[in-house]
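1. here is my input, please return the structure:
(chains A, B, C and D)
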There are 4 protein chains.
Amino acid sequence: MRIGVLTSGGDCPGLNAVIRSVVHRAVVDHGDEVIGFHDGWKGLLEADYRKLDLDAVAGILARGGTILGSSRVQPAHLRDGVERARGHVADLGLDAIIPIGGEGTLKAANLLAQAGLPIVGVPKTIDNDIASTDVTFGFDTAVGVATEALDRLKTTAESHQRVMVVEVMGRHTGWIALHSGMAAGAHAIVVPERPFDIDELTAIVGERFSAGKRFAIVVVAEGAKPKPGSMAFEERGKDIYGHERFAGIGNLLAVELENRLGKEARPVILGHVQRGGTPTAYDRVLATRFGWHAVEAAHRGEFGMLTALRGTDIVMVPLAEATSTLKTVPAERYDEAQTVL
Amino acid sequence: MRIGVLTSGGDCPGLNAVIRSVVHRAVVDHGDEVIGFHDGWKGLLEADYRKLDLDAVAGILARGGTILGSSRVQPAHLRDGVERARGHVADLGLDAIIPIGGEGTLKAANLLAQAGLPIVGVPKTIDNDIASTDVTFGFDTAVGVATEALDRLKTTAESHQRVMVVEVMGRHTGWIALHSGMAAGAHAIVVPERPFDIDELTAIVGERFSAGKRFAIVVVAEGAKPKPGSMAFEERGKDIYGHERFAGIGNLLAVELENRLGKEARPVILGHVQRGGTPTAYDRVLATRFGWHAVEAAHRGEFGMLTALRGTDIVMVPLAEATSTLKTVPAERYDEAQTVL
Amino acid sequence: MRIGVLTSGGDCPGLNAVIRSVVHRAVVDHGDEVIGFHDGWKGLLEADYRKLDLDAVAGILARGGTILGSSRVQPAHLRDGVERARGHVADLGLDAIIPIGGEGTLKAANLLAQAGLPIVGVPKTIDNDIASTDVTFGFDTAVGVATEALDRLKTTAESHQRVMVVEVMGRHTGWIALHSGMAAGAHAIVVPERPFDIDELTAIVGERFSAGKRFAIVVVAEGAKPKPGSMAFEERGKDIYGHERFAGIGNLLAVELENRLGKEARPVILGHVQRGGTPTAYDRVLATRFGWHAVEAAHRGEFGMLTALRGTDIVMVPLAEATSTLKTVPAERYDEAQTVL
Amino acid sequence: MRIGVLTSGGDCPGLNAVIRSVVHRAVVDHGDEVIGFHDGWKGLLEADYRKLDLDAVAGILARGGTILGSSRVQPAHLRDGVERARGHVADLGLDAIIPIGGEGTLKAANLLAQAGLPIVGVPKTIDNDIASTDVTFGFDTAVGVATEALDRLKTTAESHQRVMVVEVMGRHTGWIALHSGMAAGAHAIVVPERPFDIDELTAIVGERFSAGKRFAIVVVAEGAKPKPGSMAFEERGKDIYGHERFAGIGNLLAVELENRLGKEARPVILGHVQRGGTPTAYDRVLATRFGWHAVEAAHRGEFGMLTALRGTDIVMVPLAEATSTLKTVPAERYDEAQTVL
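-> Predicted coordinates for the structure are as follows:
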């Protein structure tokens, strides 16, 4: 069998672990050939690739990033994207393509699968918002990085009697905020799924100080928004260049809470450190299993499918199903995190 | 409601997170009273306890160990253990007891539950061998510590052309060995579930050197045993004091591999570092959820049950069921890890 | 002897280690009494303090922050600050006061020492800019945190062909930028000591891409400024609220480099994570030694002095000398870091 | 100029950082050529080497181990070692050789230097026992790894009311034991420089339990020995194979303390994890500076010298002086660590 693999979309710890696992399983156990396309779908569309043998993947298991590079190019971006892809797959004699990516990548994968290409997808997102799998690799690392930062910020907040407002990743869902906030014992967790009321949030934080505590930690997902009318978000949401770049929700909330509480509030925007660097053991194991099972699915001819974790098992799920909805934080999970004072 | 909580058995990162979560949920949301028994079942048998309010659990979420202490005493160790426990529960007016512990603790919990005491168990073991839950807290931390050590050992092994034999915890099951071995890309993983053939193991490691590689990493669970007749394990398995204390399987394997391969082999026995210290974010979240749901179960009157993770949900499982079998590494999981060269 | 200790100014990993060491050395070895003033000089000025015995400092060695709290209040802020301090020292029967703090704190300490109070200072700053000591505790931790973030950012920058502009602490000096930049192999390091020319900086970063590299890392100290005329810094230096809060140099440089290079550039502002959390072993040892030697100096009657590291020795230096100049990054140290491509 | 570089002796975090720094400084700033000998002096003696350009050292700054490999072979091991080395240096047209190594390596370097070869040494040892430099790279990483382990062990020791006996590296000197023990607040630190009295050690540990504490941490350097007559060390010092391999001082002390105190005592032998893996920021900076200054010394024609840290400066010291004595833990440094209870 000849297998092509590619990584597409935002960076995510564990990508290299999947690539390595695909190569190990395919080459060693099945005697397959594996090629890696450069910079995501772009590599497939331009037939830009290299051979991946065991040496090519030596030492990459614990490394962040992707040795194949990534881009946000999608086949649908080109008028003849699907045809081009089909042509290169035929020319290269590929029996399977394993794209590793997030929601956008998997939608593209589904498009190609429906056009008859032999696709086995591997889901990837630090945001953990892909519905068909219990967890995606990269999420545990992101939560770990955020939690470590929160652990550090607690002591400095306490020494200075401050509110720390920590903005973590999560444009559409609050999984990183929820888990890192629970793990670090944050006093308020603000997620996109629940537009916040600034009065209510001020009250929650204020109560801590009333109760004699010296500090408070607020974790906010970058995609969190105030309830309509709760806070003059829109007008304020622009930076000096006229766009929202640096005046994200974390910065705004810090200003707002400081003004309302009369306590020093400091924003910390964790940003890209959450998606780079060495993956946790959890993510390495999950990524390795995904790669292994993607190769197995290819050998069984199960195309148009996606690897997914269900409980402790890796199962295959239709691509179409996987990309239909976003996995948001359910009410009961959010409630579990509300007790902290 | 009045709830008693205790931690019993070996140390495990996340115990404090459960205690804190029980107190937060019970005291803040339900207005309950919580007491903590000292040193496990011993505290219950001797009515040795203290009140746990919010201040008592402040700042313990990220701390290893258990603020309540632990011991290996079980009610069944005393002729009148069950009666004593029953008496103290009545005297103290307890509506629920939440023991946090491993297999032995949960068996004791089941005994007391069958005797009519209002028990809600919380499973705990770094070994991950409790059958009724997908994962136990503490396991992720142990795997993380072992993986970090393996990452470090790889570079030193390579510089010196060595075999590193790393013994990790796991008396009866190989979960820590399997996951840390997969996460770190170990070249051989030896687990109790599969008695090893020393000739075969030597061949696997030897092949790496034949293929021109400069080092090999072998991960071995402390409970791993050679196939009968494969290695003179019994006679060698004693140390200078006549017991097996320091001549564990890691040390023995290193000697054996060095002699057979003619390559330097060094043992590293990770030992107790795997079960101490700050829990990972994953374990803190899981432990917090277990504590939260244990209180909920108590309030619903669901006694004789155990909190368990199934997929992404926390469910309640009968104590009897939970302790009937050990969760061992299944063949397919072991196979997934066999490809590494 | 009766000793008062206080922590003043910004947070710094290692403060608790000093406090603990003072208490251990004074109480155990000398049979002294130690009290700790709350929230820095404020505690001394208001006679707000508590007794510090061995139990009070148990378990704090590895903890970030300060158990005594801190503030930026200085005796000179009050008209009768010095007199008040003198009065409380007399009333409390103090034989020595050990203030732990940065430049401002040590200036205040010098003021009080010149007024005849028995002061032994301990220098503290993550910025490492105190002239009289080779290193201050807290610096190593800050550099470690920044380096770990840089390590993570490298892989994500490479995957996405990006420039990462990482702003680290250092208002007046570039020590953290220099050391973390060297440790992580940054491609450009921008420090306050050398106003940068934006054209030159653009050229350095641009050369990497011309040479076929996929990414670049720029480390910039928060206090870095462009050469006059080099970049429209002043006008841009204001955020939406009309102050410079969120439009720091890191954000501005990222915008500028992206516009000039036509490559994605992303800012990461590390902020307060650098000054919180558990100190590195290096900082714990240095802090412990400073505390130990401060007590010794007090017992020898060496007042008006400061503990300082010189090579491997702890020596005492006059407070006046210590606060006269800032230790800036010398040209030769900066040159050592310029080779990286 | 043509420069040869080699790494010899035991593994040490920071070796790759030196190699990279030598290449960067020499190639980029001086236009030199650099070759790297394989496996230490062996590579020089057998003219086994490869060219080191910028690509060859890309990405190695943060990696443990050495890309050049190492061995314990010394020129003096061969009858014609010096002549061989001289011959290869002439044949290869080398203007300078930069050996990076510990005491043995530097003695060999001195031998070759006295024979007229153009040697600039770089000291390396995790043990920190080289007299002419304040610190060696690798030491900070080793202390950091040991401290992290000790932090973890503390919580588990406390939960179980145990004595933990932690054996760290240090065959001849106790620097790692001293610094990690101070950093982690160990209750007894046992170093080779001071043969211990087992009765005294038992008393120190016992006092903690008498004072109501629940645990004790003992850090012991692998080279520590009991005072003659204090403990039956010799007879016990053999393992089941008749040599001392697994019955090191850590194991023996744990048995002894358990027997004498009637408290559970557990040994943890940290072993090779202390010398592998990614170096701390401190070690990376020091290693980078050493490499930079070694190249400068070569260009100034300062041969027969060694790079050394003195305060904050890198200076050059005669090789002969550097290897004449071992830097042991002085009494006053040991005393500083004795206060902990």
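2. for the rest of this, base every contact and every neighbour count on C-alpha atoms.
-> Noted.
3. A:R214: what secondary structure?
-> Of the three states, A:R214 takes coil according to DSSP: H, G, I helix; E, B strand; the rest coil.
4. what does A:G36 give?
-> strand.
5. you'd agree it is up against A:L6?
-> Yes: at 5.8 Å, A:G36 counts as touching A:L6 under the criterion of CA atoms under 8 Å.
6. between the two, what contacts are shared?
-> Common neighbours of A:G36 and A:L6 (criterion: CA atoms under 8 Å, 6 or more residues apart in numbering or on different chains): A:L68.
7. which SSE is immediately downstream of the lowest-mean-pLDDT helix or strand in chain A?
-> Within chain A, no helix or strand scores below helix A:233-236, which has a mean of 51 by mean pLDDT, DSSP states H and E. Counting by DSSP states H and E, the next helix or strand C-terminal to helix A:233-236 is helix A:249-261.
8. chain center to the helix or strand that comes right after that following helix: distance?
-> Following helix A:249-261 in sequence order, the next helix or strand is strand A:265-269 (DSSP H and E). Put simply, strand A:265-269 sits 22 Å off its chain's centre (CA atoms, centre = their mean, to the nearest Å).
9. adjacent strands (with direction) for strand A:265-269?
-> Take DSSP bridges as the rule and strand A:265-269 pairs in its sheet with strand A:163-168 (parallel).
10. relative to helix A:249-261, how tilted is the strand it pairs with?
-> 160 degrees (axes from the mean of the first three to the mean of the last three CA atoms, to 10 degrees).
11. the stretch 1-150 of chain A: helices as residue ranges?
-> A:15-23, A:30, A:41-45, A:81-92, A:103-114, A:139-160 (DSSP state H, counting those that start in this stretch).
12. for the fifth one, which positions count as buried?
-> By neighbour count, with 16 or more other CA atoms under 10 Å in any protein chain shown as the criterion, the buried positions of helix A:103-114 are A:E103, A:T105, A:L106, A:K107, A:A108, A:A109, A:N110, A:L111, A:L112, A:A113.
13. what does the fourth one give?
-> Neighbour-count burial for helix A:81-92 flags A:G81, A:V82, A:R84, A:A85, A:R86, A:H88, A:V89 (criterion: 16+ other CA under 10 Å).
14. and chain B, which of those residues reach it?
-> The subset of these within reach of chain B, by CA under 8 Å from any CA of the partner chain, is empty.
15. and the spatially closest residue to A:K225 that is not a sequence neighbour, how many neighbours?
-> Leaving out its chain neighbours, the residue that sits closest to A:K225 by CA to CA, 6 or more residues apart in numbering or on different chains is A:P195, at 5.2 Å. For A:P195, the neighbour count with other CA atoms under 10 Å in any protein chain shown is 15.
16. for A:V255, same thing?
-> 18.
17. ok, it - contacts?
-> A:A265, A:R266.
18. quick one: residues contacting whichever residue of the stretch 201-341 of chain A sits closest to chain B.
-> Closest contact between the stretch 201-341 of chain A and chain B, by CA to the nearest CA, is at A:G311 (3.8 Å). The contact partners of A:G311, by CA under 8 Å, 6+ apart, come to A:D134, B:D134, B:R310, B:G311, B:T312.
19. from A:E256, how far off is the residue lying closest to A:M231 once chain neighbours are set aside?
-> Nearest non-adjacent residue to A:M231, counting by CA to CA, 6+ apart: A:I198, 6.4 Å away. According to CA to CA, to the nearest Å, A:I198 stands 8 Å off from A:E256.
20. show me the contacts for the residue nearest the centre of chain A.
-> Centroid-nearest residue in chain A, with CA atoms, centre = their mean: A:I126, separated by 2.0 Å. Residues in contact with A:I126 (CA under 8 Å, 6+ apart) are A:C12, A:P13, A:T136, A:F137, A:G138, A:F139, A:D140, A:T141, A:A142, A:R275.
21. report the buried members of those.
-> Listed as buried from the contacts of A:I126 are A:C12, A:P13, A:T136, A:F137, A:G138, A:F139, A:D140, A:T141, A:A142, A:R275; burial here means 16+ other CA under 10 Å.
22. just flag the most distant two among those residues.
-> A:T136 and A:R275 (12.9 Å; CA to CA).
23. residues from chain A in reach of chain B?
-> Contact residues, chain A versus chain B (CA under 8 Å from any CA): A:24-25, A:28-29, A:61-62, A:134, A:140, A:143-144, A:147, A:179-180, A:182-185, A:280-282, A:284-285, A:288-289, A:292, A:310-312, A:336, A:339-340.
24. if you set the cut-off to 7 Å instead, what comes out?
-> By CA under 7 Å from any CA of the partner chain, the part of chain A that sits against chain B consists of A:24-25, A:28-29, A:134, A:143-144, A:147, A:179-180, A:182-183, A:281, A:284-285, A:292, A:310-312, A:336, A:339-340.
25. hey, what's A:I35 bridged with?
-> Beta-bridge partners, per DSSP bridges, of A:I35: A:G4, A:K51.
26. burial measure for it, as a count.
-> Neighbours of A:I35 under the rule other CA under 10 Å: 19.
27. how near is the residue of the stretch 201-341 of chain A closest to chain B to chain C?
-> 30 Å (CA to the nearest CA, to the nearest Å).
28. and A:L78, by the same measure?
-> On the measure of CA to the nearest CA, A:L78 and chain C end up 21 Å apart.
29. tell me the confidence at that residue?
-> We have a pLDDT of 81 for A:L78.
30. right, and A:D151 touches A:M182 too?
-> No: judged on CA atoms under 7 Å, A:D151 makes no contact with A:M182 at a distance of 11.5 Å.
31. of the two, which one has the most company?
-> Ranked by neighbour count (other CA under 10 Å), A:D151 and A:M182 place A:M182 first, with 29 against 22.
32. so the more buried one, which state does it fall into?
-> helix.
33. contacts only, for it.
-> A:A337, B:V285 (CA atoms under 7 Å, 6 or more residues apart in numbering or on different chains).
34. give me that answer again for 8 Å
-> A:A337, B:R284, B:V285, B:T288.
35. is the helix or strand where A:V219 lies in proximity to chain C?
-> For A:V219, the host element (DSSP H and E) is strand A:216-221. No: residues of strand A:216-221 are not located near chain C by CA under 8 Å from any CA, the shortest gap being 12.7 Å.
36. neighbouring contacts of that strand?
-> For strand A:216-221, using CA under 8 Å, 6+ apart, the contacting residues are A:154, A:157-158, A:162-171, A:173-174, A:176-177, A:181, A:186-192, A:205, A:208, A:249-250.
37. of those, just the buried ones, PyMOL syntax please.
-> Selection of buried members from these for PyMOL, criterion 16+ other CA under 10 Å:
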select buried, chain A and resi 154+157+158+162+163+164+165+166+167+168+169+170+173+174+176+177+181+186+187+188+189+190+191+192+205+249+250
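38. flag the shaky bits of the stretch 201-341 of chain A, pLDDT-wise.
-> A:232-247, A:339-341 (pLDDT under 70).
39. what about the residue in it that chain C sits nearest to, distance to D:L52?
-> For the stretch 201-341 of chain A, the residue closest to chain C is A:G277, as judged by CA to the nearest CA, at 3.7 Å. To D:L52, A:G277 is 26 Å away according to CA to CA.
40. neighbour count: the two, which is higher?
-> A:G277 (28 against 23).
41. A strand includes that one, no?
-> No: A:G277: not assigned to a strand; according to three-state DSSP it is coil.
42. quick check: pLDDT value at A:D32.
-> 98.
43. that one contacts A:G4, correct?
-> No: under the criterion of CA under 8 Å, A:D32 makes no contact with A:G4, lying 10.6 Å away.
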